[in-house]
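Engineer: Sequence and computational prediction follow.
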Amino acid sequence: MTALWGLLRKETYHITRDRRTLAVILLIPVLQVIIFGYAIRTDVQDVRLAIVDPAPDAATLALRGRFAATPTFRIVAVVSRAAELDSLFQRGIAQEAIVFERAFAEHLGGAGAQLQVITDATEPNTGSLLQAYALTVIQGYERERQRSSPGVRIVPAVSMRFNPTRRSSNLFVPGLMAFVLTLISSLMTAISLTREKETGTMETLLVSPLRPWQIIVGKVAPYLAIGFISVVGVIVEARLVFGVPLRGSLLLLLAEGLLFILMSLALGILISARTASQRVAMLGAAVGTMLPTMLLSGFIFPLESMPAPLRAVSNVVPARWFVFVARSIMLKGVGLTYLWPQTLVLVAMAAALLALSVRAFHERLE
Amino acid sequence: MRRILFLTRAEVLHVVRDRATLAQVVLLPLLQLLILANAATFEIRDTPAYVVDFDRTATSRGLVNRFAASGHFRVVGDSASMPLADEMLLRGRVTMVLTIPADFESSVVRTGQAPVQLVLNAEKGSAAGVVQSYATRILAAYSAERGAELRPTVRTRATPHEAIGVSMRSWYNPTLDYQHYMVPGLLVALVTMIATLLSAQNIAREKELGTLEQLNVTPLTRGQFITAKLLPFWVLGLADLGLGVAVGHAVFGVPVRGSLLLLFASAGIYLVVALAIGLWISTLVDTQQQAMFVTYFILVIYLLLSGLFTPVDSMARWVQIVSVLNPVRHFVTISRAVLVKGAGIAEIAGPLAILAGYAVVTLTAAIHQHSKRSA
């Protein structure tokens, strides 16, 4: 046991000595929460609106006033010909345009007036949202104009469950935890173990009285600790800076996190057993774990949007299951009654990877 | 001039000879484009919806059918049980629950007004907003239709929904194809990766091998050295862009509305910036491995803040201001404007001027830094 203790101390010493790497490991999550919280957002605000009004009259001015008064919209240009719109859109000055017809007020009192809403739909979701925003303003204007008039109105009472303010940070933080854990557990473990191999000190460790499992425990335990600290840090930062909720049980979240760390560590050991140099290990960890975690876990891009083959591949990405579990615990506040299937998948994956990595490590011994 | 050509030839031979580099330059970008264009999407397709219909009348069924037929929703189940719907929402099986109250039809007939309830899973914030906008539009169309049926007599007078006939146009991307948005951005990412990474790695390798010292004692001037080093990668970057545009157009149907000449001329300017950043990184590091790490770190931040994945318009105000300093952002803007919107030189003059300024500043700084280091 004292031998294991010695290895642990040596490993901890190694990590704390390399201050630059340690700083990077601890800083990356902090930085990423900030970047994702502030920069990676998909909500639409402050829409730049252009107005095409060939013949301003009372009705067009009233409707324009309504748009100007809505905080979502900012009128950036008023032109008289629709032909000028192309350039406004191409320059990125306007995102949406309202095109009035001539004699708008007159038609409105008579047979009905025509109005065109044009959006820059280069980004399709923004385009759809902008159309809906404009429609709301126009409908509000109509309702006010003829309150007593007949017709059918179906009024939807909309409630946004789990994320009423629709903030993107609520979505990203659970995914970010998976990313940070993969980075620290898989990448760092793989590099640290291959370094011992590369420098030849692994042989020294192997002839020491340490048992193989003790070597593994000694090597990975410090990273387990760092991973755990990072996760807690991310949760606290997300809560303090962005007010991301934690509706479910913290204990369950930490337990699932531990499960995921264990699996990532096993993956790191497996990668290190199969590679000979730090460079290959790094590449393997990056391609084998980081990219899938980033792209195929639903962390940034929703899985439902992907074509079926990619969705099928995503099933073998552990982070996909962890992201779902973490998100459900934090935002929906559900417990194991709902999450047992995903948890079971995680347990099975962790067990399989641990078994594989121990075997790979033993094989190397012979 | 002859010296530049000789060194350039040596560089080209290096690239062509080394299969790994060749694969990195040609195969990797194509693979990335094909995978990323499919994976990196926020497209919202048939949203799974659950219906709780307490009314069970012709009117309520008509509404449900309208949702199912819209192409935006897939009704995965219905019952008259709220707890069941809640369960589906919590399990993540459905994204929206539509609840129709018991007196729906009679309310519509008697008062002309009826409420329904939409509960959305808003975990994915903006996606929920888009889903809601689809639902609202379906409800509006359905109520206009029922209004016309129920009160044909009042049709002579304009009903509220006919008073203003609103027509919607989605310019530049009428089919709302997400890949038309992503691919022009991804092209920029690929070109940037290739140019910056290769130039950083290449010069770091000369350093590592010690051959940089040898070149320093030749009659080659600094300017000649850098021109000869960067020229092959500049050409490679343009070639990769050409390849990417061709694949994007052929495989994903990405439109080419503007002038390709304008796109490549802008790319030529942008590549100088990307290469200069790579050169600058190479002066800071000693080994190829460090060059790779530093480049990835810088590029990830550049790319995330460029509006490539999520619109710059949605970012926090201060991030938007900071992102003006980001050259990648300007070329992403140009690429989308020229390819998708068909912009001419007058429309992209602003970002193009910034890029040109950047090219001069970064190249001067990088050459200066390089001379200082190797002197």
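Structural biologist: Right, received. Where do you want to start? These figures come from a predicted structure and were not determined experimentally.
Engineer: From now on I want contacts and neighbour counts done on CA atoms only, so please keep to that.
Structural biologist: Noted.
Engineer: Let me know the secondary structure of residue B:176.
Structural biologist: Per DSSP: H, G, I helix; E, B strand; the rest coil, the local secondary structure of residue B:176 is coil.
Engineer: can you list the weak-confidence ranges in chain B?
Structural biologist: Counting by pLDDT under 70, chain B contains low-confidence ranges at B:1, B:18-21, B:24, B:125-126, B:150-164, B:289, B:372-375.
Engineer: what do you get for the stretch 201-350 of chain A?
Structural biologist: A:279, A:283, A:287.
Engineer: all helices for it, in order.
Structural biologist: Using DSSP state H, counting those that start in this stretch, the helices found in the stretch 201-350 of chain A span residues A:201-207, A:212-242, A:250-274, A:278-285, A:291-295, A:308-314, A:318-327, A:336-365.
Engineer: and the angle from the longest one to helix A:336-365?
Structural biologist: Note on geometry: by axes from the mean of the first three to the mean of the last three C-alpha atoms, to 10 degrees, helix A:212-242 and helix A:336-365 are set 140 degrees apart in direction.
Engineer: Tell me the pLDDT of the residue located most distally from the centre of chain A.
Structural biologist: Farthest-out residue of chain A from its mean C-alpha position, per C-alpha atoms, centre = their mean: residue A:110, at 51.2 Å. Residue A:110 carries a pLDDT score of 74 in this model.
Engineer: Also the one 5 residues further on?
Structural biologist: Here, the pLDDT recorded for residue A:115 equals 87.
Engineer: which residues touch it?
Structural biologist: Counting by C-alpha atoms under 8 Å, 6 or more residues apart in numbering or on different chains, residue A:115 makes contact with A:98-101, B:164-167.
Engineer: do the same with residue A:95
Structural biologist: Residue A:95 is in contact with A:47-50, A:89, A:119-120, counting by C-alpha under 8 Å, 6+ apart.
Engineer: which of the residues you listed come close to chain B?
Structural biologist: Within the set of these, contact with chain B (C-alpha under 8 Å from any C-alpha of the partner chain) is found for A:119-120.
Engineer: Can you add secondary structure, neighbour count and pLDDT and give the contacts of residue A:95 back as TSV?
Structural biologist: Formatted as TSV, the contacts of residue A:95 follow (DSSP: H, G, I helix; E, B strand; the rest coil; neighbours: other C-alpha atoms under 10 Å in any protein chain shown; pLDDT from 0 to 100):
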residue	secondary structure	neighbour count	pLDDT
A:47	strand	19	88
A:48	strand	18	91
A:49	strand	24	92
A:50	strand	24	92
A:89	helix	22	87
A:119	strand	29	88
A:120	strand	26	86
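Engineer: Going by distance to residue B:109, which of the contacts of residue A:95 wins?
Structural biologist: Comparing the contacts of residue A:95 against residue B:109 with C-alpha to C-alpha picks out residue A:119 as the nearest, at 35.8 Å.
Engineer: so what's the closest one bridging to?
Structural biologist: residue A:96, residue B:170 (DSSP bridges).
Engineer: so it touches residue A:90, yeah?
Structural biologist: No: with contact defined as C-alpha atoms under 8 Å, residue A:119 and residue A:90 do not form a contacting pair (12.0 Å).
Engineer: and for the two, which residues touch both?
Structural biologist: Joint contacts of residue A:119 and residue A:90 (C-alpha under 8 Å, 6+ apart) do not exist.
Engineer: circling back: what's the farthest-apart pair in the contacts of residue A:95?
Structural biologist: A:47 and A:89 (12.7 Å).
Engineer: all strands for chain B, in order.
Structural biologist: In chain B, the strands defined using DSSP state E lie at B:47-53, B:73-79, B:96-100, B:113-121, B:164-171.
Engineer: which one of those strands lies closest to residue B:303?
Structural biologist: Among the strands of chain B, strand B:164-171 sits nearest to residue B:303 (C-alpha to C-alpha), with 26.0 Å.
Engineer: Using CSV, write out every CA atom in the closest one.
Structural biologist: Output in CSV follows, covering the C-alpha atoms of strand B:164-171 (Å, rounded to 0.1, in the frame of the first residue of the first chain):
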residue,chain,number,x,y,z
ILE,B,164,-54.1,42.4,-44.3
GLY,B,165,-53.0,39.6,-46.6
VAL,B,166,-49.5,38.8,-45.4
SER,B,167,-47.3,36.9,-47.8
MET,B,168,-44.0,35.5,-46.5
ARG,B,169,-40.8,35.3,-48.6
SER,B,170,-37.6,33.5,-47.5
TRP,B,171,-35.0,35.1,-49.6
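Engineer: And that strand, what does it pack against?
Structural biologist: strand A:113-120, helix A:124-145 (3 or more C-alpha pairs under 8 Å, 6 or more residues apart in numbering or on different chains; DSSP states H and E).
Engineer: redo that, cut-off 10 Å
Structural biologist: Here strand B:164-171 touches strand A:96-100, helix A:104-109, strand A:113-120, helix A:124-145, going by 3 or more C-alpha pairs under 10 Å, 6 or more residues apart in numbering or on different chains; DSSP states H and E.
Engineer: Quick one: residues in contact with that strand.
Structural biologist: A:86, A:89, A:96-99, A:104, A:107-108, A:111-122, A:124, A:127-128, A:131-132, A:135, A:138-139, A:141-142, B:158, B:176, B:340-341 (C-alpha atoms under 10 Å, 6 or more residues apart in numbering or on different chains).
Engineer: same thing but at 7 Å, please
Structural biologist: Here strand B:164-171 makes contact (C-alpha atoms under 7 Å, 6 or more residues apart in numbering or on different chains) with A:108, A:112-121, A:127.
Engineer: ditto for stretch A:172-190
Structural biologist: Contact partners of stretch A:172-190, identified using C-alpha under 7 Å, 6+ apart, comprise A:29, A:33, A:36, A:220, A:223-224, A:227, A:231, A:234, A:238, A:261, A:264-265, A:267-269, A:271-272, A:281-282, A:285, A:289-290, A:293-294, A:299-300, A:319, A:322-323, A:326-327.
Engineer: Quote the end-to-end distance of it.
Structural biologist: 26 Å (C-alpha to C-alpha, to the nearest Å).
Engineer: quick one: contacts for residue A:344?
Structural biologist: Contacts for residue A:344 (C-alpha under 7 Å, 6+ apart) come out as none.
Engineer: Near chain B, which residues of the stretch 1-150 of chain A are found?
Structural biologist: A:38-45, A:87, A:90-91, A:108, A:111-125, A:127-129, A:132, A:142, A:149-150 (C-alpha under 7 Å from any C-alpha of the partner chain).
Engineer: Would you show me how to pick out the buried ones of those in ChimeraX?
Structural biologist: In ChimeraX, this line selects whichever of these come out buried by 16 or more other C-alpha atoms under 10 Å in any protein chain shown:
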select /A:38,39,40,41,42,43,44,87,90,91,108,112,113,114,115,116,117,118,119,120,121,122,123,124,125,127,128,129,132,142,150
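Engineer: can I assume residue B:96 is in contact with residue B:120?
Structural biologist: Yes: Residue B:96 lies in contact with residue B:120 (C-alpha atoms under 7 Å); the separation is 4.5 Å.
Engineer: Would you mind putting the CA coordinates of stretch B:100-109 into PDB?
Structural biologist: Provided in PDB are the C-alpha atoms of stretch B:100-109 (Å, rounded to 0.1, in the frame of the first residue of the first chain):
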ATOM      1  CA  ILE B 100     -57.300  20.800 -26.800                       C
ATOM      2  CA  PRO B 101     -59.900  21.500 -24.100                       C
ATOM      3  CA  ALA B 102     -63.300  19.800 -23.900                       C
ATOM      4  CA  ASP B 103     -65.500  22.700 -25.100                       C
ATOM      5  CA  PHE B 104     -63.200  23.500 -28.000                       C
ATOM      6  CA  GLU B 105     -65.700  23.100 -30.900                       C
ATOM      7  CA  SER B 106     -68.600  24.700 -29.100                       C
ATOM      8  CA  SER B 107     -66.500  27.700 -28.200                       C
ATOM      9  CA  VAL B 108     -65.400  28.100 -31.800                       C
ATOM     10  CA  VAL B 109     -69.000  28.000 -33.000                       C
END
